[in-house]
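**Q** Could you look at this predicted model? Sequence included:
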Amino acid sequence: MKLFFFKTLLVSLFLTLFSCENKKSTPVPKPYKAGVVISFDDAYVDEWFEADKVLKKYNWKATFCVCRIDSIGVPQIKKLLELQKEGHEIAGHGYHHYNAVKFVAKNGIDEYIKQEIDPMLLSMKKKGFNVSSFAYPYGERSDELDQALSPIFKVIRGRDFEGLAPEKEGCYFRNSKLMYAFDIDNNHVHFNIPYLLELLDDAKKKNKILILSSHKPVKKLTENYQTKIETLEFICKYMKLNDLKFYKLSDLDSLETVN
């Protein structure tokens, strides 16, 4: 009986040591740091540039999703290049800013790429922009579009139009190149500072990356599709106080994910 007990103990110790050794040899992926993506759509270059002057002190980084690139003036192109040089991302937002879903329904996916994607990428490359992310105009998307654009872009962003409990929102990075953003413009029916604070708190507590979108940053609201610079500064202050990281859309492509 003693011999049987001794043998059982040895086997148990061997299995325990072997198991521990295996665990040591298998690297456990580290979760990414909680943070926020701040993105802007359309071509409000002058306003983006002015906002950058205010927010530089927070060492912020943003993604500027540009449309109608060939309609932008030379001074604005220079400002975009300067923003890119500072470490911000310049992304695509369509050559003509067509609603992708409506255009494809009428003209087909091949024609959409021919008219909206190919000329945008060609022109932006000639002007010196390294584009790897794309944001759908009007935020509307479809499975067909996602499938067609996935080989072209590393990250594809739509917009989240809901106002759910933070843990149910779709505006967090979910280990996928396809993502949605919560709109912080003044006309978005679900936007308000208390709810934005809930989203930020959820990202902090649960180690998430919150994705936000905006259009035109201004000091004073005068029309739709505007975000107060005061709101952007509120986000940056929160991030600095709570040690959240500034991400660009393209950063999400290379994150080490945890299953």
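**A** Nice, I can see it.
**Q** mind listing what's buried in the helix or strand that contains M124?
**A** Taking DSSP states H and E as the definition, M124 sits inside helix 118-126. Judged by neighbour count using 16 or more other Cβ atoms under 10 Å, the buried positions of helix 118-126 are P119, M120, L121, M124. Glycine gets a C-beta too; all of them are placed from N, C-alpha and C.
**Q** so what's the residue nearest to the first one when sequence neighbours are not counted scoring on pLDDT?
**A** Excluding its sequence neighbours, the residue lying closest to P119 (Cβ to Cβ, 6 or more residues apart in numbering) is Y95, at 4.7 Å. Reported pLDDT at Y95 in the predicted model: 98.
**Q** What is the three-state secondary structure of F49?
**A** Following DSSP: H, G, I helix; E, B strand; the rest coil, we place F49 in the helix state.
**Q** picking up where we left off before, tell me the first helix or strand C-terminal of the helix holding M124.
**A** In N-to-C order, the element after helix 118-126 by DSSP H and E is strand 133-135.
**Q** list the helices and strands the very next helix or strand once past that next one packs on?
**A** Sequence-wise, the next helix or strand downstream of strand 133-135 (DSSP H and E) is helix 143-149. Using 3 or more Cβ pairs under 8 Å, 6 or more residues apart in numbering; DSSP states H and E as the contact criterion, the elements in contact with helix 143-149 are helix 100-107, helix 109-112.
**Q** Out of those helices, flag the one nearest D185.
**A** With distances scored as Cβ to Cβ, the stretch of these nearest to D185 is helix 100-107 (19.7 Å).
**Q** list the helices and strands that closest one packs on?
**A** Checked by 3+ Cβ pairs under 8 Å, 6+ apart, helix 100-107 has helix 109-112, helix 143-149 packed alongside it.
**Q** Let me see the ranges of the strands in this structure.
**A** Chain-ordered strands for the chain, with DSSP state E as the definition, fall at 35-42, 63-66, 89-92, 133-135, 155-160, 178-183, 209-214, 216-218, 226-228, 245-247.
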